[in-house]
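*Asks:* how would this look folded up:
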Amino acid sequence: MYVSFLDQRDLDVIELMVTLMHVSSYKLSKISGIPASTSWRILMKLKSMGLIAKDSKEYYITPRGLVMAYYLSKRPTIRETSLKNLKEAWKYEGSQEELRNFLDSLREFLRRFEISPMSICFNQPLSAISLMLPRAKDLDEMSKKVLARFILKTFPSVVLPSGCKVVLSFDESGEPYALASDCKEEGVHIFHKCSLINSVIKSEVKGTR
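*Replies:* Numbering: from 1, shown residues only. Predicted structure coming up:
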């Protein structure tokens, strides 16, 4: 994935930020060997792009920066560290492999339709989730689990008598289904239909009459 507005020195700094997480402009200059004035200019550029941010004292890499590092770096250790840090930043409760599959699927989609990854606000995972949800049927099972976990975390859910946690929705014919579900027996799914959902909805409707 080619991103023309980032040159190699920019990417070098992003890779350093992946491993350092928090660093001052002065310390970054010392570690990287980049002149202080150049280091500061690069940090300002990356900050304006939302790839890094600054707290009261130091700069730190954002989830958007971690995704870009995962997509652009050719170093396996940087890619793995980016993925690990992104999992923590997004507070993702599934596996790191699930997240990897989702990001890889998203990258293929962006390449196919020539969409810049910078058009997505990765600092909020829901922006990527909403982009891929309409294309869920084309995703692998691990990527679908990422969609389901974030939907369950974001939207109001109910717990069925079976203990399944579901985010309810309705199809075109008015039939209820789980937009996302997490069941002990069947696991995490999206677009899940089962007889229990129907019976619970019918019982609720009947009880309100």
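*Asks:* start to end distance for stretch 108-127?
*Replies:* Stretch 108-127 has an end-to-end distance of 17 Å (Cα to Cα, to the nearest Å).
*Asks:* quick one: buried residues of it?
*Replies:* Of the residues in stretch 108-127, 110, 117, 120, 122-123, 125 count as buried by neighbour count, 16 or more other Cβ atoms under 10 Å. For glycine as for every other residue, the C-beta is placed from the backbone atoms N, C-alpha and C.
*Asks:* what's the most distant pair in these?
*Replies:* Leu110 and Asn123 (17.0 Å; Cβ to Cβ).
*Asks:* that older thread, give me the subset of the buried residues of stretch 108-127 lying in helices.
*Replies:* 110, 125 (DSSP state H).
*Asks:* wouldn't Val200 be in contact with Cys164 here?
*Replies:* No - between Val200 and Cys164 there is no contact under Cβ atoms under 8 Å: 9.9 Å.
*Asks:* comparing those two, which residue is more hemmed in?
*Replies:* A direct count of neighbours by other Cβ atoms under 10 Å for Val200 and Cys164 places Cys164 higher, at 22 against 19.
*Asks:* and for the more buried one, nearest residue in space, chain neighbours not counted?
*Replies:* Among residues not flanking Cys164 along the chain, Cys183 sits closest, at 4.0 Å (Cβ to Cβ, 6 or more residues apart in numbering).
*Asks:* for the one you found, report the pLDDT, please.
*Replies:* Looking at Cys183, its pLDDT stands at 88.
*Asks:* just the one 5 residues further on next, same as before
*Replies:* The predicted local confidence for Val188 comes out at a pLDDT of 93.
*Asks:* re the thing from before, and which of the buried residues of stretch 108-127 is nearest Lys74?
*Replies:* Using Cβ to Cβ, these come closest to Lys74 at Pro117, 16.3 Å.
*Asks:* past the longest strand anywhere in the chain, which element shows up next along the chain?
*Replies:* The longest strand of the chain (DSSP state E) is strand 176-183. Downstream of strand 176-183, the next assigned helix or strand under DSSP states H and E is strand 187-192.
*Asks:* what helix or strand is Pro161 on?
*Replies:* With DSSP H and E as criterion, Pro161 is part of no helix or strand.
*Asks:* from Leu196, how far off is it?
*Replies:* Distance of Pro161 to Leu196, computed by Cβ to Cβ, to the nearest Å: 7 Å.
*Asks:* cool, Val158 as well?
*Replies:* 11 Å.
*Asks:* if we ignore the residues flanking it in sequence, what's nearest the residue most central in space within the chain?
*Replies:* Central residue of the chain (Cα atoms, centre = their mean): Pro125, 4.1 Å from the mean position. In this structure, Pro125 finds its nearest non-sequential neighbour in Trp90, 4.9 Å apart by Cβ to Cβ, 6+ apart.
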